[in-house]
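Undergrad: Sequence and predicted structure are below.
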Amino acid sequence: MSGSPPPTGGFVRRVGLFQATAINMSQMCGIGPFVTIPLMVAAFGGPQAVIGFLAGAVLALADGLIWAEMGASMPGSGGSYVYLRQAFQYRTGRLMPFLFVWTAMLFIPLIMSTGVVGFVQYLGYLAPGMGETTGDLVGLGIVALVVLLLWRGIEHIARITAVMWAVMITSVLLVILAAATDFSPDLAFTYPAHAFELTSNHFWIGFAAGLTIGIYDYLGYNTTAYMGAEIKDPGRTLPRSIVFSILGIMAIYLLLQIGTLGVIDWHRMTDPGDIASTSVASAVLEKTWGKGAADTVTVLILITAFASVFTGLLGGSRVPYDAARERVFFRPYAKLHPRHRFPMLGLATMGVITAIGFLIGRHTDLATLIQLLTTVMVIVQALAQILALTVLRKRQPALRRPYRMWLYPVPSIVALVGWLTIYGYADKNSPGRHPIEWSLAWVALGCVAFVLWARFEKVWPFGPREITEEYLAPATPDAEPAGA
């Protein structure tokens, strides 16, 4: 079928390029860089860890161009859920969007749990005597507080996001500025022997681990794609917001990483007994501007961590609700609180998984938690979307594409290689944790859940396929591709 693009579902297109880029950047740069710099240094074994952030930027940019084309072509609310539904409906019905929601129920709260882990790590700088049990209770209390706050009628969310953005930017700029006042090139650019020995298997294992950490730090470049129904002129604004936010965050991360390495000896970051291994930003401020400044910035980082978990669960809890409302997920998730009108079951489920993920991260290590969430995400979102782009170009050639991927299919191939590298090395970088096996088990369990759900709903494979090409419209002269 063909016709006009579908309505936006009641949303108003009021988010311009500046706001869209700011939204992406605020989601990308939360607590992540403050807790992953030591992990990146440990992965590479020296200050050459900056390679990890560069590699993460390349993968984010390649993958971002996939989001850009599909988001510009199908600017609705839902992101991956919409793209996978459109691309794979011809052969597998609603299986792929169902599996996306199923995996999102796991990887979204796991991302939030890393924020809680980071919160407890930096709190340890202000309260060095805090024991492991106390830290566990504090983390679980943070999760409970976030769920409790979101269990009420939440208004003026834009103000909360604006405050988070301001606090995050202030924290990052203060650390960068402090590092610049006491920067030592010898610390930042003196590399250990064989640091760049490309024939060494050790280098590539470290590179894969660093790439995983790097892409974790860039996650969020696709936020505006989930808000497609609220973006003004999405065919131009959405691709630009993705590219600009990745380049902007890359600059911030490089300044932060190099600046930190120029103040703190990288060996300290790999020493579990050193505060620089858990609260590196606080260590930088303490060495440069003193304990008082370090305490102040640590408080700002704690606020950033809390706010990122708050806004992440706020948006994440809506994912199963939207799918259930459109009969692509379990119906109970479509129920709203009778008074405050928020998705109760989605919020409660993700709150519980966030708490479990926090305990996993606390009692294994943060790197293992990042490996787990990325391997789960790779199969059903990252790799599936690369295929979806190709499928849609073949299945829906008349789909209006205001933006077409530059140099297609090169970015798709780069993204494919990057995601497969992360996935293929996951077990080697988390020995004994088996993230690949856990991810496959979760997807297999999702397939079983889909079969049970499909039988109850009487949809494919227990009913006819429903083909809905609602974004397909006749090609017009004004639908020529526009660059980002």
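TA: Thanks, I have it.
Undergrad: what about the residue nearest to Gly79 when sequence neighbours are not counted, distance to Gly71?
TA: Nearest residue to Gly79 in three dimensions, chain neighbours excluded: Tyr226, at 3.9 Å (CB to CB, 6 or more residues apart in numbering). (C-beta placed from N, C-alpha, C; glycine too.) Distance of Tyr226 to Gly71, computed by CB to CB, to the nearest Å: 9 Å.
Undergrad: Which of the two has more residues huddled nearby?
TA: Neighbours were counted for Tyr226 and for Gly71 using other CB atoms under 10 Å; Gly71 has more, 29 against 23.
Undergrad: So what does the more buried one have for phi and psi?
TA: phi -70, psi -40 (degrees, to the nearest 10).
Undergrad: Likewise for Val15?
TA: Dihedral angles (degrees, to the nearest 10) for Val15: phi -100, psi 110.
Undergrad: Leu149 and Gly351, how far apart?
TA: With CB to CB as the criterion, Leu149 and Gly351 are 11 Å apart.
Undergrad: Looking at the two, which is more packed in?
TA: With neighbours defined as other CB under 10 Å, Leu149 and Gly351 compare such that Gly351 has more, 21 against 14.
Undergrad: contacting residues around stretch 439-454?
TA: 93-95, 98-99, 102-103, 106, 329-330, 372, 375-376, 378-380, 426, 460-463 (CB atoms under 8 Å, 6 or more residues apart in numbering).
Undergrad: cutoff 10 Å now
TA: 92-96, 98-103, 105-107, 327-331, 371-380, 423, 426, 434, 459-463 (CB atoms under 10 Å, 6 or more residues apart in numbering).
Undergrad: For PyMOL, write the select line for the buried members of the residues you listed.
TA: Selection of buried members from these for PyMOL, criterion 16 or more other CB atoms under 10 Å:
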select buried, resi 92+93+94+95+96+98+99+100+101+102+103+105+106+107+328+329+330+371+372+373+374+375+376+377+378+379+380+423+426+459+460
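Undergrad: Of the contacts of stretch 439-454, which belong to helices?
TA: If you go by DSSP state H, the contacts of stretch 439-454 have 92, 95-96, 98-103, 105-107, 371-377, 423, 426 in helices.
Undergrad: Mind telling me what element Ala305 is part of?
TA: Assigned by DSSP states H and E, Ala305 falls within helix 291-316.
Undergrad: Give me the mean pLDDT for whichever helix or strand Ser241 is part of.
TA: Using DSSP H and E, Ser241 sits in helix 234-261. The average pLDDT for helix 234-261 rounds to 93.
Undergrad: Buried residues of that helix, list them for me.
TA: By neighbour count with 16+ other CB under 10 Å, helix 234-261 contains the buried residues 234-246, 248-250, 252-253, 255-261.
Undergrad: before we move on, what about stretch 391-410?
TA: By neighbour count on 16+ other CB under 10 Å, the buried set for stretch 391-410 is Val391, Leu392, Arg393, Arg395, Gln396, Leu399, Arg400, Arg401, Pro402, Tyr403, Arg404, Met405.
Undergrad: before we move on, the earlier item: got the buried residues for whatever helix or strand comes next after the helix holding Ala305?
TA: Per DSSP H and E, the first helix or strand lying C-terminal to helix 291-316 is helix 318-325. Using 16+ other CB under 10 Å as the test for burial, helix 318-325 gives Arg318, Val319, Pro320, Tyr321, Asp322, Ala323, Ala324, Arg325.
Undergrad: Please tabulate these in TSV and include distance to Val82 and pLDDT as additional columns.
TA: Formatted as TSV, the buried residues of helix 318-325 follow (distance: CB to CB, whole Å; pLDDT from 0 to 100):
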residue	distance to Val82	pLDDT
Arg318	14	77
Val319	12	82
Pro320	15	86
Tyr321	15	84
Asp322	10	77
Ala323	10	84
Ala324	15	87
Arg325	14	84
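Undergrad: need the residues you listed in TSV with distance to Leu173, can you?
TA: Shown next, in TSV, are these (distance: CB to CB, whole Å):
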residue	distance to Leu173
Arg318	31
Val319	32
Pro320	37
Tyr321	36
Asp322	36
Ala323	39
Ala324	41
Arg325	41
